[in-house]
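Asker: got a predicted structure here, sequence first:
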Amino acid sequence: MIGLLATATAYLLGSIPFGYLIVRWQRGIDVRETGSRSIGATNVMRNLGISGFIATFVLDCGKGSAAVMLASRLTGNDPRWVAAAAVAAVAGHVFPIWLGFRGGKGVATGVGVFAILAPVPMALVLVFFALLVAIWRFISLGSIIATASFPVWVYLLNRPPTPIAVGAACAAALIVGSHRANIRRLLNGTEKKLGGRLDAKSS
């Protein structure tokens, strides 16, 4: 029962739509009706600038970390429930109950989750992401590849319990799956590069 409660709480924490709330508070508009129609930090930045990006990213990271730490405390660090909470927190951001299950892409929340699950692999993934963006200048491509690589780094460096490895893979799959529109644009050659002119459908 405690494990289920921890998982449900992780989902609710993950589903707090900080980006939506910040833009609604500052500009009185629905961020999902602008830019990429996401509640994530990148789309918030289009409306509020770098300060909006930082605030949203930090808060989204924080809710992911809080969800995993709370589950660990409540369940005596049971890897099954910690992993379940990790996936639930990312799912909450991507499919928030408060916004009709239309949320963001889960990157910042995933960073918060992964930083608690496996801090060293997460640090390496962030470096990998920065290198990918520096080389190809696609933030979406960097996010997709770096996220997909995280479970591999976890397995190679941490050799974690099976539930943690599976949870990392499932959370990563949710984040990559939420980038399906970006993947289509990358394949079509229409994705915008970092520093390029952004259109209404950019991520």
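Answerer: Perfect, thanks for sending it. Numbers count the residues shown, from 1 in each chain.

Asker: longest helix in the protein, please.
Answerer: With DSSP state H setting the assignment, residue counts place helix 50-74 as the longest helix in the chain.

Asker: packing partners for it?
Answerer: In terms of contacts (3 or more CB pairs under 8 Å, 6 or more residues apart in numbering; DSSP states H and E), helix 50-74 is packed against helix 2-14, helix 18-27, helix 41-48, helix 79-94, helix 107-117. C-beta coordinates here come from the backbone N, C-alpha and C atoms, glycine included.

Asker: pLDDT weak spots in this structure?
Answerer: For the chain, applying pLDDT under 70 flags the ranges 195-203.

Asker: now the helix or strand harbouring Asn182: buried residues?
Answerer: Under the criterion of DSSP states H and E, Asn182 resides in helix 180-188. Of all the residues in helix 180-188, those buried under the rule 16 or more other CB atoms under 10 Å are 181-182, 185-186.

Asker: equivalent analysis for stretch 87-106, please.
Answerer: Quick answer for stretch 87-106 (16+ other CB under 10 Å): 87-96, 103-106.

Asker: just the C-alpha atoms of the helix holding Asn182, please, in PDB.
Answerer: Extracted in PDB, the C-alpha atoms of helix 180-188 (Å, rounded to 0.1, in the frame of the first residue of the first chain):
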ATOM      1  CA  ARG A 180       8.000  12.000 -31.900                       C
ATOM      2  CA  ALA A 181       7.100  15.200 -33.700                       C
ATOM      3  CA  ASN A 182      10.800  16.300 -33.500                       C
ATOM      4  CA  ILE A 183      11.900  12.900 -34.800                       C
ATOM      5  CA  ARG A 184       9.600  13.400 -37.900                       C
ATOM      6  CA  ARG A 185      11.000  16.900 -38.500                       C
ATOM      7  CA  LEU A 186      14.600  15.600 -38.100                       C
ATOM      8  CA  LEU A 187      13.900  12.900 -40.700                       C
ATOM      9  CA  ASN A 188      12.200  15.400 -43.000                       C
END
